[in-house]
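Chemist: below: sequence and its predicted model.
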Amino acid sequence: MSVPTTSPLPPSAGIIETEGLGRAFGELWAVRGLTLNVRRGEVFGLVGPDGAGKSTIIRMLTGILPPTEGAATVAGFPIEGGEEQLKTRISYMSQRFGLYADLTVEENLSFYGDLYEVPRRERGPLEERLLGFSNLTPFRKRLASNLSGGMKQKLGLACALIHKPEILFLDEPTNGVDPASRRDFWRILYAMLKEGVTVFVSTAYLDEAERCSRVGLMHGGRMIQCDTPQRLKQGIPGRLVELEAGQPRAALEILSGRFDSGHVSLFGGKLHLYADSEEEVAQALAALGEAGIEVLGAKSIPPTLEDVFIQQVTHTPQEAVS
């Protein structure tokens, strides 16, 4: 396999810039052709299933994993050759952030303060503020091993923020965390945005992607679309109809045989149908009636990002994601 030559990027206003970024493991490309501009002070979300390339992108942008092709700058420094300058300007919270189970909440914060060489005179007020942000003040003396999953994630975030980074990289930070803790986690992120921190987050939760300033949809190592959540949803052609049927799985099988791939999907017991016209809706209802499946309701609904993702994946040519 040939390895393309890395070329420098031109100066840009983006705090994160990539041009044709890619990474291969042997003959397998985990990420290919990533060109991206992330603006200072926004929440940028990478969205996609496991294996889409999200973690690989973050590891390249944080200087942990060298790219196979392309180039990138982060906070004005190249990811190859600028690793030392990046350390003080970014923070990376991986899926398994390195909390120390035998240290208390405040001892973990203090340890990361030492690790990032935060001046002692600044440490106390900053630690108190982060504990307050994360609602961990009452638990400051508790061992990290005795925290719930959501509290561990919030402590990990506090530790990642102890040196006041310009950019915060988060790799699926709320995976497996209960809904209330996920909400608290995002509340903390929004508070950091007000202080000018840029957040680059990967997630498999499409409802979380709705909270981002812009979203990049990942599939098969490629970014297949990138825009604001609202524009992505507005870009779906035709009309989205929600059908409530007495036998939803049987109805899905029938309609899947009559419409192109991606036009019909099942969402929580209800069918979502992409229709180009009223005639197509009528055809779907007629097909279900002929099969003896009762339709309890049919209404137009606004698409979700999950609808967008399914529609984009099914309509993206295979060669574009290989």
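Modeler: Noted; the coordinates are in hand.
Chemist: tell me the buried residues in stretch 298-318?
Modeler: 298, 303-313, 316 (16 or more other CB atoms under 10 Å). Any C-beta I mention is one placed from the backbone N, CA and C, and that applies to glycine too.
Chemist: ok, and what's touching that stretch?
Modeler: The contact list for stretch 298-318 (CB atoms under 8 Å, 6 or more residues apart in numbering) reads 47-48, 206-207, 209-210, 215, 217, 219, 224-225, 229, 232-233, 235-236, 239-244, 261-262, 265, 267, 272, 274, 281, 285.
Chemist: do the same with stretch 281-295
Modeler: 239, 241, 243-247, 250-251, 254-255, 258-259, 273, 275, 298.
Chemist: from those, which shows the smallest pLDDT?
Modeler: Ranked by pLDDT, the contacts of stretch 281-295 bottom out at residue 259 (81).
Chemist: please, where are all the helices along the stretch 51-200 of the chain?
Modeler: When secondary structure is read from DSSP state H, counting those that start in this stretch, the stretch 51-200 of the chain shows helices at 54-61, 83-87, 105-115, 120-133, 149-160, 179-193.
Chemist: can you list contacts of the shortest one?
Modeler: Outside of helix 83-87, the residues that reach it under the criterion CB under 8 Å, 6+ apart are 62, 63, 74, 75, 77, 79.
Chemist: at 10 Å instead, please
Modeler: Helix 83-87 has contacts (CB atoms under 10 Å, 6 or more residues apart in numbering) with 61-64, 66, 73-79, 92, 116-117, 163, 165-167.
Chemist: just the buried members of these?
Modeler: Applying 16+ other CB under 10 Å to those flags 61-63, 73-75, 77-79, 92, 116, 163, 165-167 as buried.
Chemist: doesn't residue 145 make contact with residue 102?
Modeler: Yes. Using CB atoms under 10 Å, residue 102 is in contact with residue 145, at 6.9 Å.
Chemist: more neighbours, the two?
Modeler: residue 145 (12 against 9; other CB atoms under 10 Å).
Chemist: next one: the closest residue to that one other than its chain neighbours from residue 30, what distance?
Modeler: Nearest residue to residue 145 in three dimensions, chain neighbours excluded: residue 101, at 3.7 Å (CB to CB, 6 or more residues apart in numbering). Separation of residue 101 from residue 30 (CB to CB, to the nearest Å): 31 Å.
Chemist: the two: which is more packed in?
Modeler: A direct count of neighbours by other CB under 10 Å for residue 101 and residue 30 places residue 30 higher, at 21 against 11.
Chemist: for the strand or helix carrying the more buried one, packing partners?
Modeler: In this assignment (DSSP states H and E), residue 30 forms part of strand 28-38. Counting contacts by 3 or more CB pairs under 10 Å, 6 or more residues apart in numbering; DSSP states H and E, strand 28-38 is packed against strand 16-25, strand 43-47, helix 54-61, strand 69-74, strand 198-203, strand 214-219, strand 222-227.
Chemist: can you list the strands that that strand pairs with?
Modeler: Partners of strand 28-38 in the sheet, by DSSP bridges, are strand 16-25 (antiparallel).
Chemist: and the contacts of stretch 281-295, which of them are buried?
Modeler: Buried, going by 16+ other CB under 10 Å: 239, 241, 243, 245, 251, 254, 255, 259, 273, 275, 298, out of the contacts of stretch 281-295.
Chemist: residue 113 reaches residue 125, doesn't it?
Modeler: No. Using CB under 10 Å, residue 113 makes no contact with residue 125, being 11.7 Å away.
Chemist: the more surrounded of these two?
Modeler: Under the criterion of other CB under 10 Å, the comparison of residue 113 against residue 125 puts residue 113 first, with 21 against 9.
Chemist: quick one: residues contacting the more buried one.
Modeler: Here residue 113 is in contact with 119, 120, 122, 123, 124, 126, 127, 130, 159, 162, 163 (criterion: CB under 10 Å, 6+ apart).
Chemist: what's the answer for residue 182, then?
Modeler: 150, 153, 173, 174, 175, 176, 203, 205, 207, 208.
Chemist: hey, what's residue 275 bridged with?
Modeler: What pairs with residue 275, by the bridge criterion (DSSP bridges), is residue 239.
Chemist: any idea which residue of this structure is furthest from its center?
Modeler: Taking CA atoms, centre = their mean, the residue of the chain most remote from its mean C-alpha position is residue 290, at 42.4 Å.
Chemist: state the phi and psi torsions of that residue.
Modeler: phi -60, psi -30 (degrees, to the nearest 10).
Chemist: could you measure from it over to residue 241?
Modeler: 18 Å.
Chemist: ditto for residue 76
Modeler: 48 Å.
Chemist: before we move on, the earlier item: closest to residue 135 out of the helices and strands packed on strand 28-38?
Modeler: With CB to CB, the closest approach to residue 135 among the helices and strands packed on strand 28-38 belongs to strand 198-203: 19.3 Å.
Chemist: hey, what's the most centrally placed residue in the chain bridged with?
Modeler: Closest residue to the average C-alpha location of the chain: residue 202 at 2.7 Å, with CA atoms, centre = their mean. Partner residues in beta bridges with residue 202, using DSSP bridges, are residue 46, residue 171.
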